[in-house]
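S.K.: the sequence isn't on hand, but the structure is:
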């Protein structure tokens, strides 16, 4: 399809000053203007229709370059690819209906608004679409370790909601029962073999976990502020007083936690234990064994100048990533 760049809208409110390869968008613009390179070597962007308007599905930085060329008469129509895939609400960050996008420069003195960006990848396309089109910012996310599925606690404009796709029935029944009593969930997690944990505003909790170790850990200490499950009935938890406790974690992760001098705030572990993610209290992160698709998304977020805040693992190499930044 051929279309004028000005007839395509931005799906983001701002773009990085560099392409993912590290090249400045302005350098590419000047080389195109001077004729040193031809527009045909620029990979085609993909566009998607939203309410009868075309938006950048991929290539917001390319669109910025193309629009600048169109402004000075150097470019007319461009070749693009179209997709029927809708732009998920969690990736649709424009605040002016795509009319413009601001370029973020290193050392930019304009105050930046720290935003939260979420991306979910699921082997089941319907499950992925449901997550990416959910409204609001996730306050807590749990991925099913037995099949593609998720549960998320959302907060949008001060309103509370819980949404889910394919999670352990016991977890959902517990949530519904407490919500009816006016006791909303604040934290939940899923593990393999339908293990789950959910904690509520009144500090009570429901869980389905075998063995006394976990049961004793829950009943003998302060309420939790973070939790994850590991294979072989393993777990990691952090209490509201900052203390942490873990049992039967993957060896590489166990060694890291034992040897680290930094306070750990968040941990997640894949169903097999082959991948894990750690966020320290100073917001630095470490991860290991993540999939190729997950690695690509990590690099994409970092190229945008964002910091990883949360990475949840699920069955079939599913993951949900939450990043913060401009």
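M.R.: It's in. Computed from a prediction, not measured in an experiment: that's the story for all the values here.
S.K.: residue 170 reaches residue 197, doesn't it?
M.R.: No. With contact defined as Cβ atoms under 8 Å, residue 170 does not reach residue 197; the gap is 10.6 Å. All C-beta spots, glycine's among them, are computed from the backbone N, C-alpha and C.
S.K.: higher neighbour count, these two?
M.R.: Just comparing residue 170 and residue 197: by other Cβ atoms under 10 Å the higher neighbour count belongs to residue 197, 25 against 15.
S.K.: OK, contacts around that one?
M.R.: 187-189, 205-207, 209, 218, 224, 227, 229 (Cβ atoms under 8 Å, 6 or more residues apart in numbering).
S.K.: residue 295 too?
M.R.: Going by Cβ under 8 Å, 6+ apart, the list of residues near residue 295 is empty.
S.K.: now whichever strand or helix holds it, how far from the centre of its chain.
M.R.: Using DSSP states H and E, residue 295 sits within helix 292-303. Offset of helix 292-303 from its chain centre (Cα atoms, centre = their mean, to the nearest Å): 11 Å.
S.K.: on that earlier part again, okay if I get the contacts of residue 197 as JSON lines plus distance to residue 38?
M.R.: Below are the contacts of residue 197 laid out as JSON lines (distance: Cβ to Cβ, whole Å):
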{"residue": "187", "distance to residue 38": "54"}
{"residue": "188", "distance to residue 38": "53"}
{"residue": "189", "distance to residue 38": "52"}
{"residue": "205", "distance to residue 38": "62"}
{"residue": "206", "distance to residue 38": "62"}
{"residue": "207", "distance to residue 38": "61"}
{"residue": "209", "distance to residue 38": "61"}
{"residue": "218", "distance to residue 38": "64"}
{"residue": "224", "distance to residue 38": "58"}
{"residue": "227", "distance to residue 38": "54"}
{"residue": "229", "distance to residue 38": "53"}
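S.K.: rewinding a little: give the rounded mean pLDDT of the helix or strand following the helix holding residue 295.
M.R.: Where DSSP H and E defines the elements, the next helix or strand beyond helix 292-303 is strand 307-313. For strand 307-313, the mean pLDDT works out to 92.
S.K.: and strand 307-313 with helix 292-303, angle?
M.R.: 160 degrees (axes from the mean of the first three to the mean of the last three Cα atoms, to 10 degrees).
S.K.: other SSEs contacting strand 307-313?
M.R.: strand 137-143, strand 264-269, strand 276-280, strand 285-288, helix 292-303, strand 319-325 (3 or more Cβ pairs under 8 Å, 6 or more residues apart in numbering; DSSP states H and E).
S.K.: got the buried residues for it?
M.R.: 308-313 (16 or more other Cβ atoms under 10 Å).
S.K.: next: stretch 226-243.
M.R.: For stretch 226-243, the neighbour count (16+ other Cβ under 10 Å) marks 226-231, 233-239 as buried.
S.K.: if we can go back for a sec, CSV for the contacts of residue 197, including secondary structure and distance to residue 151?
M.R.: Formatted as CSV, the contacts of residue 197 follow (DSSP: H, G, I helix; E, B strand; the rest coil; distance: Cβ to Cβ, whole Å):
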residue, secondary structure, distance to residue 151
187, strand, 11
188, strand, 6
189, strand, 9
205, strand, 15
206, strand, 13
207, strand, 14
209, coil, 17
218, helix, 19
224, strand, 16
227, strand, 13
229, strand, 14
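S.K.: which of those residues lies closest to residue 51?
M.R.: Nearest to residue 51, judged by Cβ to Cβ, of the contacts of residue 197 is residue 188 at 34.7 Å.
S.K.: angle of the helix or strand of the chain with the lowest mean pLDDT against strand 307-313?
M.R.: Ranked by mean pLDDT, DSSP states H and E, the weakest helix or strand in the chain is strand 150-156, scoring a mean of 80. Between the axes of strand 150-156 and strand 307-313, defined by the same axes, to 10 degrees, the angle is 140 degrees.
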